[in-house]
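J.: have a look; sequence and predicted model below, questions after that.
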Amino acid sequence: MNVFIAFISLIATIAIFLVSKKAYQKTHRLLLSPLIVSPLFLVILLLLTRTSYEQYNLGGSVLTKLLGPATVAFAVPIYKNLELIKKHAKIIVASLFTGSLVAILSSFFFAVWIGLSADMITSLVPRSITTPIAMDISKMIGGEPSMTAVFVIVTGLTGSITGAIIIRLFRIKTTAAKGLMLGMGAHGLGTSKAFEMGELEGTFSSVAMVIAALISILLSETFFPLLRLCFAM
Amino acid sequence: MVICEVKCSYKLSLEKVSKVKKISKIIIQIVFLYGILLIGEGISAVLHLPIPGSIIGLVLLFLALKFNIIKLEWVDLGAGLLTGELALFFIPSAVGVIQYDQIFGVVGIKLVTVIILSTILVMICTGAVADYLHKKDVKE
């Protein structure tokens, strides 16, 4: 019975994802993004069929397991764009270091200010980087990977909705800056937005996504514990 | 007519064969990437490194590509699928929030507020720094 439920869960997740992806490609409405529609649909399905998350996840975890090799696979776009990275190394490192620092600091202080609990804050901190790595970091610093996954989705949506407005408002002119800010702020979703703006913007964005993740690991291992110590959390 | 039909169906089956070939190639490459992940996790565990095994795997694969130990075409298709369909792989985790009812309601609104404010700030700072440095580079 359990094997059966696991199998159905796996097939249903893939099927719902593929259908919602097709629908999104036709309409291009962000709120119809498969990242929102598919989990929502599955949650409703679980509630209606009175299936517990544990049962569903017997099949679902097969997909979660693939996040590991997906992270490893990010070596490929870095390798392919090595020339571009070398040429703009200074700009890339400086802007992404700033971005990662602001991400940790602002999540921390906004969260303290608005009165969130310590474990929520810990799950919030890695949210501006790409999911597989964010979930790994969350686990490492004592957060809740599943919550982090949702925070990453909300972050990606916010970034891709506000990206164009910020670019106009703050008169961001260069292609490098546009791509880097979208990849840093909104990871995968931002990167697909950047590719809509242009090939080069998209490439910068995907590079930013991976390098920002590496910088964030460094900061969440060193800077974040220090921050927590200072505020006795 | 008959010849055309035979030809067409022959072409079709050829397409099918190449599709099957491509799919099996993708699967083998994903298994290969999984192997690199396991090596990364092994290194992380043995050396007690505070870095996730997946990141060590990423660095290992990059170095192997750079020094021609692994050829790009050995991993390209599988890596393309994994990074291209990334969203699919974290849907089960996103569904997992139903286990935490504390993040709905007021706390949920607070969380979303923090995320929106922080994300906007991150993008402004990153964009401004990159734009400033790039313009300065061009001037020099």
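T.: Everything's here; your move. Residues are numbered from 1 along each chain as shown, chains lettered A, B, ... in the order given.
J.: which parts of chain B are helices?
T.: Ranges of helices within chain B are B:2-46, B:53-66, B:72-84, B:86-89, B:91-95, B:106-139, based on DSSP state H.
J.: what's the answer for chain A, then?
T.: A:2-27, A:34-48, A:53-65, A:67-73, A:75-80, A:82-87, A:89-114, A:118-124, A:131-140, A:145-169, A:175-197, A:199-230.
J.: the first one versus helix A:53-65: what angle between them?
T.: It refers to helix A:2-27. 60 degrees (axes from the mean of the first three to the mean of the last three CA atoms, to 10 degrees).
J.: next: the last one.
T.: Orientation of helix A:199-230 against helix A:53-65 (the same axes, to 10 degrees) gives an angle of 120 degrees.
J.: nearest spatial neighbour of the residue of chain B found nearest chain A, skipping sequence neighbours?
T.: Distances between chain B and chain A by CB to the nearest CB are smallest at B:P92, namely 3.0 Å. Every C-beta, even on glycine, is put in place using the N, C-alpha and C of the backbone. Nearest non-adjacent residue to B:P92, counting by CB to CB, 6 or more residues apart in numbering or on different chains: A:G60, 3.0 Å away.
J.: for the nearest residue to A:G202 once chain neighbours are set aside, list the residues it contacts.
T.: Spatial nearest neighbour of A:G202, chain neighbours left out: A:F195 (3.3 Å); criterion: CB to CB, 6+ apart. A:F195 is in contact with A:201-202, A:205, counting by CB atoms under 8 Å, 6 or more residues apart in numbering or on different chains.
J.: ranking by neighbours, what's the top pick from those residues?
T.: Highest neighbour count within the contacts of A:F195, by other CB atoms under 10 Å in any protein chain shown: A:S205, with 28 neighbours.
J.: list the contacts for A:F223?
T.: A:101, A:104.
J.: where in chain A is pLDDT low?
T.: A:128, A:130-131, A:232-233 (pLDDT under 70).
J.: domains for it, by residue range?
T.: By the assignment in automatic domain parsing, chain A contains the domains A:2-65, A:75-230.
J.: what's the most buried one of those?
T.: domain A:75-230 (a mean of 22; mean count of other CB atoms under 10 Å in any protein chain shown).
J.: just want the residue of chain A that's nearest chain B.
T.: For chain A, CB to the nearest CB, closest residue to chain B: A:G60, 3.0 Å.
J.: quick one: that residue and B:I98 touch, right?
T.: No. Assessed by CB atoms under 8 Å, A:G60 is found out of contact with B:I98, at 11.9 Å.
J.: closest to A:F97 out of the helices of chain B?
T.: helix B:106-139 (8.7 Å; CB to CB).
J.: do that closest one and chain A come into contact?
T.: Yes. Applying CB under 8 Å from any CB of the partner chain, one finds helix B:106-139 touching chain A at B:107, B:110-131, B:133-135, B:137.
J.: got the contact list for the residue nearest to the spatial centre of chain B?
T.: With distances taken as CA atoms, centre = their mean, the residue of chain B nearest its centroid is B:T83 (2.7 Å). Shown in contact with B:T83 (CB under 8 Å, 6+ apart): A:70, A:73-74, A:76-77.
J.: and with 6 Å instead?
T.: B:T83 is in contact with A:A73, counting by CB atoms under 6 Å, 6 or more residues apart in numbering or on different chains.
J.: A:S38 now?
T.: A:16-17, A:20, B:91.
J.: mind exporting the C-alpha coordinates of stretch B:70-79 to CSV?
T.: Coordinates of each C-alpha in stretch B:70-79 appear next as CSV, following Å, rounded to 0.1, in the frame of the first residue of the first chain:
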residue,chain,number,x,y,z
ILE,B,70,35.8,15.1,-17.0
LYS,B,71,34.6,16.1,-20.5
LEU,B,72,31.7,18.6,-20.7
GLU,B,73,29.7,16.2,-22.9
TRP,B,74,29.8,13.6,-20.1
VAL,B,75,27.6,15.7,-17.9
ASP,B,76,26.1,18.5,-20.0
LEU,B,77,22.7,16.9,-20.8
GLY,B,78,22.1,15.7,-17.2
ALA,B,79,23.2,18.9,-15.7
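J.: does any part of it sit near chain A?
T.: Yes. Stretch B:70-79 lies within reach of chain A by CB under 6 Å from any CB of the partner chain, at B:A79.
J.: pull out the buried residues from that stretch.
T.: B:70, B:74-79 (16 or more other CB atoms under 10 Å in any protein chain shown).
J.: show me which pair in the residues you listed is furthest apart.
T.: B:I70 and B:L77 (13.6 Å).
J.: re earlier: point out the most buried one among the helices of chain B.
T.: helix B:91-95 (a mean of 26).
J.: wait, which of the contacts of A:S38 is closest to A:R127?
T.: B:I91 (17.0 Å).
J.: name the nearest residue to the closest one, ignoring sequence neighbours.
T.: A:S38 is the one closest to B:I91 (CB to CB, 6+ apart), at 5.1 Å.
J.: let me know the pLDDT of B:S13.
T.: B:S13 carries a pLDDT value of 69.
J.: how much space separates A:R29 from B:A130?
T.: 29 Å (CB to CB, to the nearest Å).
J.: cool, and A:V62?
T.: From A:V62 to B:A130 the distance is 39 Å (CB to CB).
J.: same check on A:I172?
T.: A:I172 sits 8 Å away from B:A130, going by CB to CB.
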